[in-house]
Every structure is written in structure tokens, then in C-alpha cells.
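# Would you be able to build a 3D model of this:
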Amino acid sequence: MTKTLLKILLFILTLGSVSAQKSFYDNLADSALVLTYQKVQYDPSYFSLKYPNGDVPADKGVCTDVIIRAYRKLGVDLQKEVHLDMKSNFDKYPKNWGLKQPDKNIDHRRVRNLMTFYKRHGIEIKISQDPVDYNPGDIVCWNLGGGITHIGIVSRKKSEDDQRYLIVHNIGAGQVLEDCLFSYKIIGHYRYEK
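Residues are numbered from 1 along each chain as shown. The predicted structure follows:
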């Protein structure tokens, strides 16, 4: 058994033994952290997905796929949740992509759509520059400039200086854990539990 596989197995066993004592958001943060052990190539391609519970190939993904996969580990299917909300409230969602109706293959994989969904069904938290305002399981969205948006999950691991939690995200190098909370302009801060 490889060292990486052994680490994943030990981590999952640890999660199972204490998950009943942790909050949904702690479990969400931990499920995101597990994703960092999987090798994923950044791939923004359009994929035809099964519905519900569809996912892109396990070795591919973008920033939104980190969020989708972390929630799915806790039994929440954002593909289905976003699609159903868009079917009933299409006019409330961004029109950036020229769609005339929802598309169950891609809508949940767009940052702006997830932001709209979280505003409608979750808790929108004040954006600040104070690290104590960002807790494990929080969803954070950034503007990278040039109309490019990004999304990640606050983990339960702290930075080296113990000042802020690290972020699980995929900004091009796969699903990683990084100290990048304030590296970009924050445009959204949410909590969502179904």
C-alpha cells in the first residue's frame, strides 16, 4: 500500500470515529481536505453528466468541483439542488453564458451560480479582512481579475503562523490545501447546510 493511500485510509478512519461529535461544517471542511489526497488535473471542459449525482471524471475538475465533491461526501448533491432551483427561478441566476434554460451538466460548476444559490438558500456572511470571521466549512469566493471568479472551502488546518485557516481549492494545480484566504479579492462568504 502506498504511503498516500495509507494516509487517506487513516484519515478516513479518523473521520468516521469522531464525525458524530463534529458539526456539519467541520465534516464539510474535513471532506474537502480528503480531496487533496486525490490527483486531479485542472480541466474546465464541458462534460455530459448523469443526473442526479453526476460528476466529471475523478481525475479532472475545477474549483467548483472541490465544493461539489466535498458536499457530496456528506450526502448533498449540489448538481440536483442548483438545477432544481434554477428550473424554478432561472431569472434570478446570472445570464453570463447565454443560456435560455438550465443545463444540469454545467450550471452547478459555475462560481456565479453557486454564489446565487448560496445567497438564496444558505447564510451570506459579511466579507471582512479579519481571519477570525472565516471558519471551517465556510465557502469563500474571490475575484481573480478579468472577470474570472474562484471558490474554495475553509479547512480546519491553520496557517504556519496560526493566524488563519487554510483553504482547499483548485486554481490550476489540482485539489490543494493553501494559505490563500486573502491572496485575492473576496467577493462572497457563505455557509450552506441542507
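
# Next up, the contacts around the closest residue to Val40 other than its chain neighbours.
Closest residue in space to Val40, ignoring its immediate chain neighbours: Gly174 at 4.5 Å, by CB to CB, 6 or more residues apart in numbering. Bear in mind the C-beta positions are built from the backbone N, C-alpha and C, glycine included. Going by CB atoms under 8 Å, 6 or more residues apart in numbering, Gly174 touches Lys39, Val40, Gln41, Tyr42.

# Buried only: go through those residues for me.
Buried members of those, scored by 16 or more other CB atoms under 10 Å, are Val40.

# For the contacts of Gly174, give me a markdown table that also has secondary structure.
As requested, these are exported to a markdown table (DSSP: H, G, I helix; E, B strand; the rest coil):
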| residue | secondary structure |
| --- | --- |
| Lys39 | coil |
| Val40 | coil |
| Gln41 | strand |
| Tyr42 | strand |
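
# What is the nearest of the contacts of Gly174 to Asp65?
Of all those, Asp65 sits closest to Val40, with 7.7 Å by CB to CB.

# distance of that closest one from Arg69?
9 Å (CB to CB, to the nearest Å).

# Give the residues shared as contacts by those two.
In contact with both Val40 and Arg69: Gly61, using CB under 8 Å, 6+ apart.

# thinking again about what came up before, of the contacts of Gly174, which pair is most distant in space?
The widest separation within the contacts of Gly174 (CB to CB) is 11.4 Å, between Lys39 and Tyr42.

# Go through the top strand by length along the chain and flag the buried ones.
Secondary structure of the chain read by DSSP state E shows that its longest strand is strand 148-158. The neighbour-count check on strand 148-158 (16+ other CB under 10 Å) flags Thr149, His150, Ile151, Gly152, Ile153, Val154, Ser155, Arg156, Lys157 as buried.

# before we move on, what SS does Gln79 have?
Gln79 ends up helix, using three-state DSSP.

# picking up where we left off before, secondary structure element holding the residue nearest to Val40?
In the assignment (DSSP states H and E), Gly174 maps to no helix and no strand.

# Just the pLDDT for it.
Note for Gly174: predicted pLDDT of 96.

# separation between it and Tyr42?
7 Å.

# excluding its backbone neighbours, what's nearest Gly172?
Closest to Gly172 by CB to CB, 6+ apart is Tyr42, at 4.8 Å.

# What ranges does this protein have for its helices?
Along the chain, counting by DSSP state H, helices occupy 3-18, 24-35, 63-72, 78-89, 111-121.

# for the residue nearest the centre of the chain, what are its contacts?
Per CA atoms, centre = their mean, the C-alpha nearest to the average position across the chain is that of Ile67, at 1.9 Å. Ile67 makes contacts with Ala32, Leu78, Leu114, Ile139, Ile151, Gly152, Ile153, as judged by CB under 8 Å, 6+ apart.

# just those residues now: which is nearest Cys63?
Ile151 (4.9 Å).

# Report pLDDT for that closest one.
At Ile151, pLDDT is 98.
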